[in-house]
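Asks: When you get a sec, could you give me coordinates for this:
(one chain, ligands or ions: 1)
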Amino acid sequence: MTTPRALVAGNWKMNGLKASSSEITHLNDLISTSGANCDVLICPPFTLISTLVAMGAKNVPIGAQDCHMNVSGAHTGDVSAQMIKELGCDYIIVGHSERRADHGESNDIVKAKAAAAQEAGTTAIICVGETLQDREAGNTLNVVSSQVRGSIPKNAPAAQTIIAYEPVWAIGTGKVPTAANVEEVHKVIREILVDRFGADGKQVKILYGGSVKASNATELMSVPNVNGALVGGASLKAEDFYGIISAYDKIG
Ligand code: PEP
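Replies: Residues are numbered from 1 along each chain as shown. As a prediction, this is how the structure comes out:
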């Protein structure tokens, strides 16, 4: 069975105004000219989704960074997965560690959001990852395993499920785990996915995220069971992000 096609996804977090649409144009042009041996995605803040989708940059699909678990209702300030899908997005990130920490999102909440994303017809990119404290206590595999098991919805279709392993201590810090550390965690995630989905679990993408940049992308993306990257800071500028995408020119 072949490995899943890689995905390099950018998470702009709470960054970007309308002027940032020039980065999408530039990224689209870079991919048109030089190609991409992986799928590409940019998840801007909600406020930019319509603008960026309307640009019709065919090489740069647009996704979202979060959704509410309900379809509609009295949830001031929230946005449902259906609303996001209607805007033209096919991917929604859920359970990013910044949401788990800043908004107290438990595995149960993340699971409900992932279910909402999948029911709306999008693919849920479910984020997991240990804190530094977890790692130093030797709890990485236990924490990540229970997040993966606890955050995948009961009726999740494998084809609409992506896991992003993002060690919390590596996000935005410039610190990255060793390739051996990444391999160990991704192997355990793959085992859980196969246990859960059978043979289809081999086709579920497992992304690595945490201080990925052009200079470390080839090494990280070459690790077994790493099927792409979730990228924060280095996704904001088209040239930086394209440097990560082009790591896949060198990976067989
Ligand atoms: C992220 O927030 O998902 C992330 C991986 O950020 P950074 O690439 O900046 O570490």
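
Asks: Show the model's pLDDT score for whatever residue of the stretch 101-250 of the chain ends up closest to the ligand.
Replies: For the stretch 101-250 of the chain and the ligand, the shortest gap (C-beta to the nearest ligand atom) falls at residue 232, measuring 2.2 Å. The way it works is simple: take the backbone N, C-alpha and C, and place the C-beta from them, glycine included. Residue 232 is assigned a predicted lDDT (pLDDT) of 98.

Asks: sec struct for the residue nearest to residue 222 when sequence neighbours are not counted, please.
Replies: Setting aside the residues directly before and after it, residue 222 is nearest to residue 251 in space (C-beta to C-beta, 6 or more residues apart in numbering), at 5.5 Å. Applying DSSP: H, G, I helix; E, B strand; the rest coil to residue 251 yields a three-state assignment of coil.

Asks: The longest helix along the chain - contacts with which helices or strands?
Replies: In the chain, assigned by DSSP state H, the helix with the most residues is helix 179-197. Based on contacts counted as 3 or more C-beta pairs under 8 Å, 6 or more residues apart in numbering; DSSP states H and E, the elements that helix 179-197 packs against are helix 140-151, strand 161-165, strand 205-209, helix 214-221.

Asks: The last one versus helix 179-197: what angle between them?
Replies: It refers to helix 214-221. For helix 214-221 and helix 179-197, the angle between their directions (axes from the mean of the first three to the mean of the last three C-alpha atoms, to 10 degrees) works out to 50 degrees.

Asks: so the residue in the stretch 1-150 of the chain that the ligand sits nearest to bridges to which residues?
Replies: When distances are taken as C-beta to the nearest ligand atom, the stretch 1-150 of the chain approaches the ligand most closely through residue 11, which lies 4.5 Å from it. In this structure, residue 11 has beta-bridge partners residue 43, where bridges are defined by DSSP bridges.

Asks: Was I right to think it contacts residue 230?
Replies: Yes - if you go by C-beta atoms under 8 Å, residue 11 and residue 230 touch, sitting 6.0 Å apart.
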